[in-house]
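> Show me how the following folds:
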Amino acid sequence: MNSEASSDNDALYGAIVPTFFKYLIPSLLGLFAMTSASLVDGIFIGNYEGISALAAVNLIIPIMTLLFGIGMMLSIGGSVRAGKYLGEGKTAAASAIFSKTLLSVAVYGVAVIMLGLALEEQIFAGLGATPELFSPMSEYYRVILPFLFAQLLTLVLYFFIRLDGMPNLAATALAIGAVANIALDYLFIAVFGWGLAGAAFATGLSELLPVLVMLIYFFRPERSLRFSFRQDNWKEVFQAAYNGVSEFINAVSGAIIAFILNWMLIQRAGVNGVAAITVVNYLLVLGFMMFFAISDTIQVMISQNFGAAKNDRIRGFLQIACCVIAVFSVAFIALLATASEPLVHLFVDEKSSTEMVALATELVSYVWPLFLFAGFNMLISGYLTAIHLPFQSGVVAASHSLIFPAGFLLLFYYLVSDHRFVAALPVAEGFTFVLALVIFLRHRPIKSARAVTRDK
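Modelled structure (predicted):
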């Protein structure tokens, strides 16, 4: 049975600017909490276990990113479709895709954990690790991989709970996990001295807490989405996942680019090179987190207004998002330009290799210009996903995260004989921006959302 959308739905009826920040602030806090586990692990591992341990963990990141990316594709694709249903007043259909997405991700999580543990050594070799790194990698990997199940469930619940107008609950759950991770990292690494296994246990246990907190959602009488095991039309999960393909492309591409960078830097600078790019990557994650939060927030609001054919509101949300991205980009560039070395020292102690610290600081000086374009590229990709243009969104995502970065990295690697080839990353981001802008102008919200659909 269809029901009319409630006028209490701020995404459809609230004032543009207050509504945007009402969703953005919890989203930013939530995403910071979600990504803080790897950042906090990096700080404790770098300061207590050394740069070799930091490099070992970094080599595992591509496979974890890939597995997480599939869950992201299912979660975002499902929530965008549910948002469109809610905008159309189809609450039952939104509940159905919520239930099917949650069940599908749970089955996927069990399968990949079993397979990942069975193929551990083959995975390490495929990631380019040398045999001497297998032991520290295994110490972290065998503990952290089973906890992927909780992380995937958290992902689904986070996106759908926010969609249902409860961003504060979702953000609070992730914040509790983040605080627990900091405390457990200190306890397991600094106090008990459990090393990489301690870091993995701290992260894993802290990922269980958000799931438990978000279970409160199922007891909220005001919720719109209802969960049920009995479902049909399972092909809708794959149809919805296709609309989240840009997020999958981002994750897979991120894993590939991380692998390429690790290989290139280990050839040019050895373990110091891998450790240096690990630290730089942590700094990039801090910046990209803000951009992803904006893109994520936009999807929640635009998908519902797309379903309700409210293009004036879509344009309004895009305008405020662009302003916030511009302000943040300038601020973060200024921070990197004036305080790159102190930021690097967050992740390594004063006794660490001065060569590695100098290299990481130099790499920052080559990559900071990518913040001129990255936020707008991610915004456009998120907008295209929200208006159900997965192919166009996928093109932007693939160009932003794989095609241009890989192409320019290979070109620059053979043009220069040292580590300056990382300057290829901002060049790739600039080329992506030109392409993304052309696609956006073709599909900007001037006519009705229904007409945009027909144009596909």
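> How confident was the prediction at the residue nearest to His345 when sequence neighbours are not counted?
The shortest distance from His345 to any non-neighbouring residue, by CB to CB, 6 or more residues apart in numbering, is to Val357 (7.0 Å). Just so you know, the C-beta spots here come from the backbone N, C-alpha and C atoms, and that holds for glycine as well. The confidence metric pLDDT takes the value 79 at Val357.
> Would you confirm that Val357 contacts Pro342?
No. The criterion here is CB atoms under 8 Å, and Val357 misses it with Pro342 at 10.6 Å.
> who has more neighbours, the two?
Remark: of Val357 and Pro342, Val357 carries more neighbours, 21 against 10, as counted by other CB atoms under 10 Å.
> chain center to the stretch of helix or strand the more buried one belongs to, what's the gap?
Mapping Val357 onto the secondary structure by DSSP states H and E places it in helix 354-367. Counting by CA atoms, centre = their mean, to the nearest Å, helix 354-367 is centred 24 Å from the centre of its parent chain.
> which strands and helices sit next to it?
helix 245-307, helix 311-344, helix 424-442 (3 or more CB pairs under 8 Å, 6 or more residues apart in numbering; DSSP states H and E).
> Reformat these as JSON lines; add distance to Tyr141 and mean pLDDT.
Output for these, formatted as JSON lines (distance: least, CB to CB, whole Å; pLDDT from 0 to 100):
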{"stretch": "helix 245-307", "distance to Tyr141": "15", "mean pLDDT": "78"}
{"stretch": "helix 311-344", "distance to Tyr141": "26", "mean pLDDT": "89"}
{"stretch": "helix 424-442", "distance to Tyr141": "27", "mean pLDDT": "94"}
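> Of those helices, which stretch is the most buried?
Comparing those on average neighbours per residue, with mean count of other CB atoms under 10 Å, the densest one is helix 245-307 at a mean of 23.
> Remind me which helix or strand Gly198 belongs to.
Gly198 belongs to helix 195-214 when elements are defined using DSSP H and E.
> Against which helices or strands is the next helix or strand after that helix packed?
Toward the C-terminus, helix 195-214 is succeeded by helix 235-243 as the next helix or strand (DSSP H and E). The helices and strands touching helix 235-243, judged by 3+ CB pairs under 8 Å, 6+ apart, are helix 51-87, helix 91-118.
> and of the ones you listed, who's closest to Val300?
Shortest distance between Val300 and these, using CB to CB, is found for helix 51-87: 6.4 Å.
> Give the buried residues for the closest one.
With burial defined by 16 or more other CB atoms under 10 Å, the residues of helix 51-87 counted as buried are 51, 53-87.
> Mind giving me the packing neighbours of that helix?
For helix 51-87, the helices and strands in contact under the criterion 3+ CB pairs under 8 Å, 6+ apart are helix 16-48, helix 91-118, helix 131-144, helix 148-163, helix 195-214, helix 235-243, helix 245-307, helix 374-386.
> So which of these is nearest Tyr186?
With respect to Tyr186, and counting by CB to CB, the nearest of these is helix 16-48 at 7.2 Å.
> quick one: the closest one to helix 131-144, angle?
With axes from the mean of the first three to the mean of the last three CA atoms, to 10 degrees applied, the angle from helix 16-48 to helix 131-144 works out at 130 degrees.
> The spatially most central residue of the chain: what's it in contact with?
Relative to the mean C-alpha position of the chain, the nearest C-alpha, by CA atoms, centre = their mean, is the one of Phe292, at 6.6 Å. When contacts are counted by CB atoms under 8 Å, 6 or more residues apart in numbering, Phe292 touches 31, 378.
> pretty sure Phe347 contacts Ile43?
Yes. Using CB under 8 Å as the test, Phe347 is close enough to Ile43 to be in contact (5.5 Å).
> ok so, going back, could I get the buried residue list for the helix holding Gly198?
Of the residues in helix 195-214, those with enough neighbours to count as buried (16+ other CB under 10 Å) are 195-211, 213-214.
> could you say what helices and strands it packs with?
Judged by 3+ CB pairs under 8 Å, 6+ apart, the packing partners of helix 195-214 are helix 16-48, helix 51-87, helix 131-144, helix 148-163, helix 167-185.
> In JSON lines, list those helices along with distance to Glu362 and mean pLDDT.
Formatted as JSON lines, the entries for the helices and strands packed on helix 195-214 read as follows, by distance: least, CB to CB, whole Å; pLDDT from 0 to 100:
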{"stretch": "helix 16-48", "distance to Glu362": "18", "mean pLDDT": "79"}
{"stretch": "helix 51-87", "distance to Glu362": "16", "mean pLDDT": "84"}
{"stretch": "helix 131-144", "distance to Glu362": "24", "mean pLDDT": "88"}
{"stretch": "helix 148-163", "distance to Glu362": "34", "mean pLDDT": "92"}
{"stretch": "helix 167-185", "distance to Glu362": "28", "mean pLDDT": "88"}
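> Can you say which of those is nearest to Thr385?
Ranking the helices and strands packed on helix 195-214 by proximity to Thr385 (CB to CB) places helix 51-87 first, at 6.0 Å.
> Give me the residues contacting stretch 281-291.
When contacts are defined by CB under 8 Å, 6+ apart, stretch 281-291 is touched by residues 28, 31-32, 35, 38-39, 42, 58, 61, 258, 325, 328, 332, 336, 340, 343-344, 347, 364, 367, 370-371, 374-375, 378-379.
> In terms of packing, which of Phe347 and Ile43 has more residues around it?
Phe347 (24 against 19).
> Give me the pLDDT value at the more buried one.
The confidence metric pLDDT takes the value 74 at Phe347.
> sec struct for it, please.
coil (DSSP: H, G, I helix; E, B strand; the rest coil).
> quick one: the nearest residue to Ser399 once chain neighbours are set aside from Ala397, how far?
Nearest in space to Ser399, with sequence neighbours left out and distances taken as CB to CB, 6+ apart, is Thr432 at 4.5 Å. Between Thr432 and Ala397 the distance is 9 Å, computed by CB to CB, to the nearest Å.
> same check, this time on Ile76
Distance of Ile76 to Ala397, computed by CB to CB: 11 Å.
> One more: Leu184?
Distance of Leu184 to Ala397, computed by CB to CB: 34 Å.
> now swap in Met64 and tell me
Per CB to CB, Met64 is found 19 Å from Ala397.
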